[in-house]
Each structure stands twice: as C-alpha cells, then as structure tokens.
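**Student:** Sequence and predicted structure, then a few things I'm wondering about:
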Amino acid sequence: VWEALGSRVHMMSPEAHDAALAAVSHLPHLVAFAAVDAVRRQGQGSEFLSLAGPGFRDFTRIAASDPRIWRDILLANRHEVIDQARLLRERLAAFEHAMQADDGEALETLIREASAVRARWKMGQGLEDD
C-alpha cells in the first residue's frame, strides 16, 4: 500500500528505526526548540528575534510544532535522542574549540566538511556517491 502511494519502504528493526529517527527528526526538533528558547530567555531576546531573518526562520520552523506531540515523541525515544544530543554536543565542542583557539583553518575545515555532506545529501536517498 505504501509503495503504491509512492513511498519508499525500508525494513528495519525497531531499534534501528528509533536510532535513525532520533538522529534525523527528533534531535532537529529538540535543537530548534532549544535554540528558540535560548534566544527568548536572554534579556534582549525579543530585540534579537526582531532582527532574525530567513536563516533563523528556516532553521527554527519546526519549533512551532505541537508541544504535546513532541513531548510524547521525545520521551518515548529519550534514550536515542539523548545519545544524539551527546553526539551533537561533541561536534559543537569541536567548533567552539576552533573558535576559542582562533583557529580559522580548523573552523573552515569543520564547516567545509559539513557543507560537503549537506551538498551531497538528497532527501530520501542519503548521500550521493554512497
């Protein structure tokens, strides 16, 4: 039925499903919620938000999602989401370290690598060349 509707069906274990969705759906929602909340909680948060443009709008679009649904999703898959949040914090630390060290070359390398992955990614297909 799903294939007849044009969907691509992937067979995977429940554990693999939870891990994958934590990485590519649940964590992005958590990050968007946290980013909006971090700006909001600053003394000048309202002013900062008045200056936000399309990048912030696009990045945080999913933060407008239904709170009850996302509460339930995040709690139901909390172990995988927490693992993904840890991995994100590790990568943020690498970016922060490069900035603290005033290491433009390292920072550019980190950005270039992430940018190259994003450029190769095709929704529903993974990375080109894989």
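**Tutor:** That came in fine, so what should we check first? Numbers count the residues shown, from 1 in each chain.
**Student:** Give the rounded mean pLDDT of the lengthiest helix in the chain.
**Tutor:** Criterion DSSP state H: the longest helix present in the chain is helix 78-100. For helix 78-100, the mean pLDDT works out to 98.
**Student:** What are the boundaries of the strands in the protein?
**Tutor:** 121-122, 126-127 (DSSP state E).
**Student:** weakest of the ones you listed in terms of mean pLDDT?
**Tutor:** strand 126-127 (a mean of 84).
**Student:** Could you list every helix and strand that that strand packs against?
**Tutor:** Using 3 or more Cβ pairs under 8 Å, 6 or more residues apart in numbering; DSSP states H and E as the contact definition, strand 126-127 packs against no other helix or strand. Any C-beta I mention is one placed from the backbone N, CA and C, and that applies to glycine too.
**Student:** Run a quick neighbour tally on the closest residue to Val36 other than its chain neighbours.
**Tutor:** In space, and not counting its chain neighbours, Val36 is closest to Ala63: 4.5 Å by Cβ to Cβ, 6 or more residues apart in numbering. For Ala63, the count of nearby residues is 18 (other Cβ atoms under 10 Å).
**Student:** Helices along the protein, start to end?
**Tutor:** 14-21, 27-40, 45-51, 54-60, 67-76, 78-100, 104-120.
**Student:** Need the winner for burial among the ones you listed.
**Tutor:** Across these, the average number of neighbours (mean count of other Cβ atoms under 10 Å) peaks for helix 27-40, which reaches a mean of 16.
**Student:** Run through who's touching that helix.
**Tutor:** With contacts defined as Cβ atoms under 8 Å, 6 or more residues apart in numbering, helix 27-40 is touched by 45-46, 48-49, 52, 59-63, 65, 70, 73-74, 81, 84-85, 88.
**Student:** now with 7 Å?
**Tutor:** 45, 48-49, 59-60, 62-63, 65, 70, 74, 81, 84-85, 88 (Cβ atoms under 7 Å, 6 or more residues apart in numbering).
**Student:** I'd like those as TSV, with distance to Gly124 appended.
**Tutor:** Listed next are the contacts of helix 27-40 as TSV, based on distance: Cβ to Cβ, whole Å:
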residue	distance to Gly124
Gly45	36
Phe48	35
Leu49	33
Phe59	21
Thr60	23
Ile62	18
Ala63	24
Ser65	21
Trp70	23
Leu74	24
Val81	22
Gln84	20
Ala85	25
Leu88	23
